[in-house]
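Novice: return a 3D structure for these sequence lines:
(chains A and B)
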Amino acid sequence: ETGVTQSPTHLIKTRGQQVTLRCSSQSGHNTVSWYQQALGQGPQFIFQYYREEENGRGNFPPRFSGLQFPNYSSELNVNALELDDSALYLCASSTSGGVWDEQFFGPGTRLTVL
Amino acid sequence: RKEVEQDPGPFNVPEGATVAFNCTYSNSASQSFFWYRQDCRKEPKLLMSVYSSGNEDGRFTAQLNRASQYISLLIRDSKLSDSATYLCVVNGISNNNDMRFGAGTRLTVKP
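Specialist: Coordinates of the predicted model:
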């Protein structure tokens, strides 16, 4: 296992609600990236946090927001949930955010929006 | 045009076969390249980094052609345990570690 943990493992919400997903990075890693993976697709980059600052963002609306804490764990918040937000949400940690750094993925949180 | 395009497959091959996956990427500014493997209902895991000189790891060989913006993965002597989805990844388009994944190529190795 990678040492990256995510909670919860599964979540069911209704449209319009808000959700918070959590990720604990691997020991020694200061960078966390979040991805959304729809069924049958590859992961899509949401954003990255490096040392508590956002360090890049993909093509996701502002209702997707995040935080990184001093221990480098991270949260992904999604407001005003839509049906299309149903997906597997993956976080990945890496040592420094360098372009050749291996990213270590957690097992994901499966979100279902009804 | 998608940023990273892969043949979705599925590829169904017998044990011992050689199989090749291809991937193209659209942004010439991409800085680094990888193949990740994802087993069913599991998280992606790094299989290989892909360098300009190409690289080999046992039965796996990866090649990069920057001029054609093309990445390949060759698997020789396929094993049942190679059955998985193989994700082509490019990184560093905007100087951040914002990895862009292809949709994946699904491989099934049969006895």
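Novice: enumerate the residues of chain A near chain B.
Specialist: Neighbours of chain B within chain A, by C-beta under 8 Å from any C-beta of the partner chain: A:2, A:31, A:33, A:35, A:40-45, A:48, A:55-58, A:90, A:94, A:97-103, A:105-108. Every C-beta, even on glycine, is put in place using the N, C-alpha and C of the backbone.
Novice: select only the buried ones of these in PyMOL?
Specialist: Buried members of those, defined by 16 or more other C-beta atoms under 10 Å in any protein chain shown, are picked up in PyMOL with:
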select buried, chain A and resi 2+31+33+35+42+43+44+45+48+55+56+57+58+90+94+97+99+101+103+105+106+107+108
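Novice: now chain A, which segments are flagged as low pLDDT?
Specialist: Low-confidence segments of chain A, defined by pLDDT under 70, span residues A:1-2.
Novice: in stretch B:14-24, what's buried?
Specialist: B:V19, B:F21, B:C23, B:T24.
Novice: A:S73: which of those is nearest?
Specialist: B:C23 (32.8 Å; C-beta to C-beta).
Novice: do you know how far the closest one is from chain A?
Specialist: Note on B:C23: its distance to chain A, by C-beta to the nearest C-beta, to the nearest Å, is 11 Å.
Novice: how many neighbouring residues does the spatially closest residue to B:S30 that is not a sequence neighbour have?
Specialist: Counting by C-beta to C-beta, 6 or more residues apart in numbering or on different chains, the nearest residue to B:S30 once its immediate chain neighbours are dropped is B:V90, at 4.2 Å. Neighbours of B:V90 under the rule other C-beta atoms under 10 Å in any protein chain shown: 28.
Novice: how about the one 10 residues further on?
Specialist: Close neighbours of B:R100, defined as other C-beta under 10 Å, add up to 22.
Novice: which residues touch it?
Specialist: B:R100 makes contact with A:F45, B:E3, B:V4, B:Y25, B:S30, B:V89, B:V90, B:N91, B:I93, according to C-beta atoms under 8 Å, 6 or more residues apart in numbering or on different chains.
Novice: how near is it to B:Y25?
Specialist: 8 Å (C-beta to C-beta, to the nearest Å).
Novice: now do the shared contacts for the two.
Specialist: B:E3, B:V4, B:V90.
Novice: ok so, going back, so which of the contacts of B:R100 wins on neighbours?
Specialist: B:V90 (28 neighbours).
Novice: which strand residues bridge it?
Specialist: Counting by DSSP bridges, B:V90 forms beta bridges with B:F33, B:R100.
Novice: I figured it was touching B:V4, is that so?
Specialist: Yes - applying C-beta atoms under 8 Å, one finds B:V90 in contact with B:V4, separated by 5.7 Å.
Novice: need the residues touching each of these two.
Specialist: Counting by C-beta under 8 Å, 6+ apart, the contacts common to B:V90 and B:V4 are B:Y25, B:R100.
Novice: neighbours of residue 65, just the number please.
Specialist: Since no chain was named, I'll use chain A. Neighbour number of A:S65 under other C-beta under 10 Å is 16.
Novice: wrong one, chain B
Specialist: For B:N65, the neighbour count with other C-beta under 10 Å is 12.
Novice: which strand residues bridge it?
Specialist: According to DSSP bridges, beta-bridge pairing links B:N65 with B:Y70.
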